[in-house]
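J.: Quick one: sequence plus predicted model below, questions after.
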Amino acid sequence: MKNHIIADMFEKMAAVLEFKGEMPFKVNAYRKASRVIGDLQVDIEQIWRQGRLEDIPGIGSGLAKKIDEFLRTGRMTKYEEVMADVPPGLIELLEIQNLGPKTLALAHEKLQVNNLEDLKRVLADGSLARLPGMGAKKAENIIKGIELYERAKGRISLGIAVPLVEEIITQLQERTSVKRISPAGSLRRMRETVGDIDILVETEKGAEIIAEFVHLPQVTRVLAAGDTKGSIIVEGEIQVDLRAVRPESYGSALQYFTGSKAHNIHLREIAKKRGLKISEYGIFCGKKQLGGSKEEEIYENLDLVWIPPEIREDRGEIERAAEHNLPNLVSLEDIAGDLHVHSNYSDASISIEEIARKAKELGYSYIAICDHSQSAKYARGVEVERLKHKWQEIKQLNTKISGITILSGTEVDILADGTLDYPDEILAQMDIVVAAIHSGFKQRVTERLIAAMQNPYVNIIAHPTGRLISKREGYEVDLDAVLRVAAQTGTALEINAYYDRLDLSDVNARRAADMGIKLAINTDAHLLEHFRMMRLGVGVARRAWLEPKDVLNTWPLEKIRQFCQQKWQKLK
DNA sequence: GCCGTTTTCGGCCCGACTGTTTTCAGTCG
């Protein structure tokens, strides 16, 4: 798919055009096009072949021509023109806080700033501060921006941010008389990574709460502390903002600070057409406030049903809300079990009994113990002899512990030659078989995954793309081909809930579900604490618009057994 | 550059803060 290549080109063009002082509305048009194309669920080449490029919202005749040229020839003349006279390394400086396109253009033109080194030089020798419209303070703020840019390049993963924000909220609740309090921003939307953390609090005494906030024990630096906003750095590099708002504006502020930006802009356009105005203070008709205390009031006044935060990305949710036809998103309460956890038979340190009791405590009705297979020496993979002990133990525990069914499973390795790490007669005795690639990431990954899915005993492919958010890109896998075969064979794909995996991602999970593929949200737990990550996986699933019917482990056990049986009968 | 039940031209989301200014431009979220 060339979607992301084209989206990246348009995003770069937007940045450069902005730097060159092009009309802001034109810049926005490129930005919007970039986002919409990046979010497309289908291959843009397919739309192009059908001659329907201009049906994509935000793509008119001009951009359609550019896309057409690129898909025909592999080149885009306008892109080359725009990028031609811009030094490489200059545009990425726009990521520095407090340094925008105007200032950068000024520094480039008057002081020949072409890269980060040049920028540091003109800040150090004071020449930037002496330019018209500049001054010592502005220079100082850019220096601070550079510090942050070099230290915290990139984003924090959701799995780190969520516990952090919960801890801060608990502390504030203990120390002050807060009323309503909630995370906002991309964390509330459960994006897989977040830039900084936003928390919103309802209060009439903002200054008091913010004073407490900036004195929390984990604070390493205070960036701002006013009456309505406090801003801190915790753990050396994570920025947390607290905003205090009055009761009558709490809902509109929560709506506003949750975003996404694209979602909010779309809402405001709708409001404007109706002669209304939305801001973080409320929804207004002239001076009259129609709502704002509750988030729902913003949506209701536009004849929309309230939209869950996870899908506020302007990917069609507003149109569906207008039809009162939003998906019935899967929730944590729907989860009936976990189909992929490890025990001390392989590389985890928890016993099957501990796992079962934990699962029961969480209200699950089944739990699948899926240890690594025999070749996975790095992870104490289970040989066939020990496997038989394991089955015996599971059988005993199932009679000993009531109210939960322990399933014997495996996370069987897909070997370099595409075969599985246990023979079929062993797999046939498992309740559930999860298959995964753990080695040979560059060797014919697509063919191996397809071969595994064609085995009648394989029920789920674990972490299908193999990406680790903080460490590596996924395998070199043709996901389109994998999805096709998953749909044909009736193999489920995993949404691995481990915070550094979240694999499949939201966009890919939605593509899978659209093709009728079932998903399983599994924690891949190696510690009891890992069970808590289920909520991250559910967040991904909600962002993918999944409903309980799409998610295997919301179903009763009997239905899962039927699902496995169906595949076996089809392929045996 | 896009878009149209107020428009094929003239709009294009809203507000706060900061620092530089004497009324506003730049940046951010």
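T.: Perfect, I can see it now.
J.: Check which residues of the host helix or strand of A:Q289 are buried.
T.: With elements delineated by DSSP states H and E, A:Q289 resides in strand A:288-291, which encompasses its position. Across strand A:288-291, burial judged by 16 or more other CB atoms under 10 Å covers A:Q289, A:G291. Every residue, glycine included, has its C-beta placed from N, CA and C.
J.: what lines up beside that strand in the sheet?
T.: When sheet partners are counted by DSSP bridges, strand A:288-291 sits next to strand A:282-285 (antiparallel).
J.: just how off-centre is the partner strand within its chain?
T.: Here strand A:282-285 shows a centroid-to-chain-centroid distance of 31 Å under the convention CA atoms, centre = their mean, to the nearest Å.
J.: before we move on, what about stretch A:497-507?
T.: Relative to the centre of its chain, stretch A:497-507 is centred 7 Å away, using CA atoms, centre = their mean.
J.: now what about it, what contacts it?
T.: Counting by CB atoms under 8 Å, 6 or more residues apart in numbering, stretch A:497-507 makes contact with A:39, A:41, A:157-160, A:192, A:463-471, A:474, A:493-496, A:512, A:519, A:521-524, A:530, A:533-538, A:540, A:543-544, all of which sit outside it.
J.: Around the closest residue to DNA strand B within chain A, how many other residues sit close by?
T.: With CB to the nearest atom of the strand as the measure, A:G135 is the residue of chain A nearest to DNA strand B, at 1.7 Å. Around A:G135 sit 12 other residues, with neighbours defined as other CB atoms under 10 Å.
J.: and the closest residue to it other than its chain neighbours, how many neighbours?
T.: The spatially closest residue to A:G135, leaving aside those adjacent along the chain, is A:A129, at 6.0 Å (CB to CB, 6 or more residues apart in numbering). Applying the criterion other CB under 10 Å, we find 16 residues in the vicinity of A:A129.
J.: quick one, what contacts A:V433?
T.: A:G409, A:T410, A:V412, A:L427, A:Y457, A:V458, A:N459, A:I460.
J.: Take the residues you listed and write them to a markdown table, including pLDDT, neighbour count and distance to A:S34.
T.: A markdown table is the format used below for the contacts of A:V433 (pLDDT from 0 to 100; neighbours: other CB atoms under 10 Å; distance: CB to CB, whole Å):
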| residue | pLDDT | neighbour count | distance to A:S34 |
| --- | --- | --- | --- |
| A:G409 | 95 | 22 | 42 |
| A:T410 | 96 | 32 | 43 |
| A:V412 | 95 | 29 | 41 |
| A:L427 | 95 | 20 | 45 |
| A:Y457 | 97 | 24 | 44 |
| A:V458 | 97 | 25 | 38 |
| A:N459 | 97 | 28 | 38 |
| A:I460 | 98 | 29 | 34 |
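J.: Just the residues you listed: which are in helices?
T.: Of the contacts of A:V433, the ones assigned to helices by DSSP state H are A:L427.
J.: what kind of secondary structure is the residue lying farthest from the centre of chain A in?
T.: Among the C-alpha atoms of chain A, the one farthest from their average position, using CA atoms, centre = their mean, is that of A:R130, at 42.9 Å. The three-state label for A:R130, taken from DSSP: H, G, I helix; E, B strand; the rest coil, comes out as coil.
J.: any idea how far it lies from A:A139?
T.: A:R130 sits 9 Å away from A:A139 when distances are taken as CB to CB, to the nearest Å.
J.: ok, now A:P57?
T.: According to CB to CB, A:P57 and A:A139 sit 41 Å apart.
J.: Which of those two has more residues huddled nearby?
T.: Ranked by neighbour count (other CB under 10 Å), A:P57 and A:A139 place A:A139 first, with 20 against 12.
J.: What parts of the stretch 1-150 of chain A come near DNA strand B?
T.: Contact residues (CB under 7 Å from any atom of the strand) of the stretch 1-150 of chain A with DNA strand B: A:23, A:25-26, A:28-30, A:33, A:54, A:57-64, A:78, A:96-104, A:129, A:132-139, A:141, A:145.
J.: Tell me which of the residues you listed fall in helices.
T.: Where these overlap with helices, as defined by DSSP H, the overlap consists of A:25-26, A:28-30, A:33, A:61-64, A:78, A:101-104, A:136-139, A:141, A:145.
J.: Please pick the buried ones from the residues you listed.
T.: Of all these considered here, the ones buried according to neighbour count by 16+ other CB under 10 Å are A:A29, A:Y30, A:A33, A:L63, A:A64, A:P101, A:T103, A:L104, A:K138, A:A139, A:G145.
J.: For A:I232, give me its contacts.
T.: Here A:I232 is in contact with A:F213, A:V214, A:L216, A:V219, A:T220, A:R221, A:V222, A:L223, A:Q239, A:V240, A:L242 (CB under 8 Å, 6+ apart).
J.: What distance do you get for the nearest residue to the third one once chain neighbours are set aside to A:I283?
T.: Setting aside the residues directly before and after it, A:L216 is nearest to A:Q171 in space (CB to CB, 6+ apart), at 5.8 Å. From A:Q171 across to A:I283, the span is 32 Å (CB to CB).
J.: cool, and A:V434?
T.: Relative to A:I283, A:V434 is positioned 48 Å away (CB to CB).
J.: for A:D198, helix, strand, or coil?
T.: strand.
J.: close enough to count as contact, it and A:R189?
T.: No. Taking CB atoms under 8 Å as the definition, A:D198 is not a contact partner of A:R189, at 10.8 Å.
J.: hang on, the earlier thing: in CSV, please show the C-alpha coordinates belonging to the helix or strand containing the residue nearest to A:L216.
T.: Counting by DSSP H and E, the element that carries A:Q171 is helix A:158-175. Included here for helix A:158-175 are C-alpha records, laid out as CSV according to Å, rounded to 0.1, in the frame of the first residue of the first chain:
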residue,chain,number,x,y,z
LEU,A,158,0.4,4.1,26.7
GLY,A,159,1.3,1.3,29.1
ILE,A,160,3.6,3.7,31.0
ALA,A,161,1.4,6.7,30.9
VAL,A,162,-1.8,5.1,32.1
PRO,A,163,-0.5,4.0,35.6
LEU,A,164,1.3,7.3,35.9
VAL,A,165,-1.8,9.3,35.4
GLU,A,166,-3.8,7.1,37.7
GLU,A,167,-1.3,7.6,40.5
ILE,A,168,-1.4,11.4,40.1
ILE,A,169,-5.2,11.5,40.1
THR,A,170,-5.3,9.4,43.3
GLN,A,171,-2.8,11.7,45.0
LEU,A,172,-4.8,14.8,44.0
GLN,A,173,-8.0,13.2,45.3
GLU,A,174,-6.3,12.5,48.6
ARG,A,175,-4.8,15.9,49.1
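J.: Cheers, nothing more for now.
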